[in-house]
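Trainee: no sequence on hand, only this structure:
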């Protein structure tokens, strides 16, 4: 029997040689052709990875290794973020479930995001539509994948039944919407990354209903002025922070330990020069003295004097800025 591992080791050697080639010295046609082939190989490698992940799950290797879930095993084994590990497991299940999709993925004809979009659409089809309709939906969406990006595939996939079996659509729209809403509710998430070079990456996803609430809160603060040089993304980022500031200033957020929501900043103070030096948030991240001054501009200040070992020497009263 052919060993997948042996074949992959041979492929890895060749891939390393390709990666070492100076692309800048190649002709235009070779660069573009190389990009196309590299992209195709990337998808084929991803399909192999999905096949392996599915076999790990089917054989119960994660539990044998002491892991409670396949997602946890994949996360630790491949050193992935939880969301990426979860997406890989879901991808592996979809690839196994739909034969034509698996074949196209293994051949590099569709890329990972397209496979995920098609798998989600096929998985959302009502249980009673029958294998013939599912197969027709699968091949139809694979045909569209030749020209459509993942976001477009998701849009048409939400109504794929209207294209392949319109006689079955009547009375199913409301049920389909409810399924989509339940799926969106399960997938909701909001993340704040560990700071890197002073930047915290924000990410996540929301159901349409919740996103409409967020958009309604941000839009009034996103309108550019005549001399506004910020990008749309910068305006939305500023609007998000401003909405949070407004919420904090209202004093209506849930209490924490009897106190309303607060941002705690510990500041080093040079008694000799009377200047602020370094500062830190209670979560451990550092702030510049300039950033501390910005925070203090619209915050109530509660002075606390700490000794050299961090013991509290004096607590003052809350002071408005």
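Mentor: Noted; the coordinates are in hand. Note that the coordinates shown come from a computational prediction; the quantities given were computed from them, not determined experimentally.

Trainee: C-alpha from now on. contacts and neighbour counts both.
Mentor: Noted.

Trainee: ranges for the helices of the stretch 1-150 of the chain?
Mentor: Taking DSSP state H, counting those that start in this stretch to define them, one finds helices in the stretch 1-150 of the chain at 4-20, 28-58, 61-64, 70-78, 82-97, 99-106, 112-123, 131-144, 150-157.

Trainee: from those helices, which stretch is densest packed?
Mentor: Neighbour counts (mean count of other C-alpha atoms under 10 Å) averaged over each of these peak at helix 112-123, with a mean of 21.

Trainee: same for it, what does it pack against?
Mentor: Counting contacts by 3 or more C-alpha pairs under 8 Å, 6 or more residues apart in numbering; DSSP states H and E, helix 112-123 is packed against helix 82-97, helix 99-106, helix 131-144, helix 150-157.

Trainee: so for the last one, mean pLDDT?
Mentor: For helix 150-157, the mean per-residue pLDDT is 89.

Trainee: likewise for the longest one?
Mentor: Across helix 82-97, pLDDT averages out at 92.

Trainee: the inter-axis angle of it versus helix 28-58?
Mentor: Our comparison of helix 82-97 with helix 28-58, counting by axes from the mean of the first three to the mean of the last three C-alpha atoms, to 10 degrees, yields an angle of 90 degrees.

Trainee: list the helices and strands helix 82-97 packs on?
Mentor: Partner elements for helix 82-97 (3+ C-alpha pairs under 8 Å, 6+ apart): helix 28-58, helix 70-78, helix 99-106, helix 112-123.

Trainee: okay if I get these as JSON lines plus distance to residue 230?
Mentor: As requested, the helices and strands packed on helix 82-97 are exported to JSON lines (distance: least, C-alpha to C-alpha, whole Å):
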{"stretch": "helix 28-58", "distance to residue 230": "34"}
{"stretch": "helix 70-78", "distance to residue 230": "38"}
{"stretch": "helix 99-106", "distance to residue 230": "41"}
{"stretch": "helix 112-123", "distance to residue 230": "31"}
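
Trainee: picking up where we left off before, mind putting the helices and strands packed on helix 112-123 into JSON lines with distance to residue 53?
Mentor: Compiled in JSON lines, these are given as follows (distance: least, C-alpha to C-alpha, whole Å):
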{"stretch": "helix 82-97", "distance to residue 53": "6"}
{"stretch": "helix 99-106", "distance to residue 53": "14"}
{"stretch": "helix 131-144", "distance to residue 53": "22"}
{"stretch": "helix 150-157", "distance to residue 53": "23"}
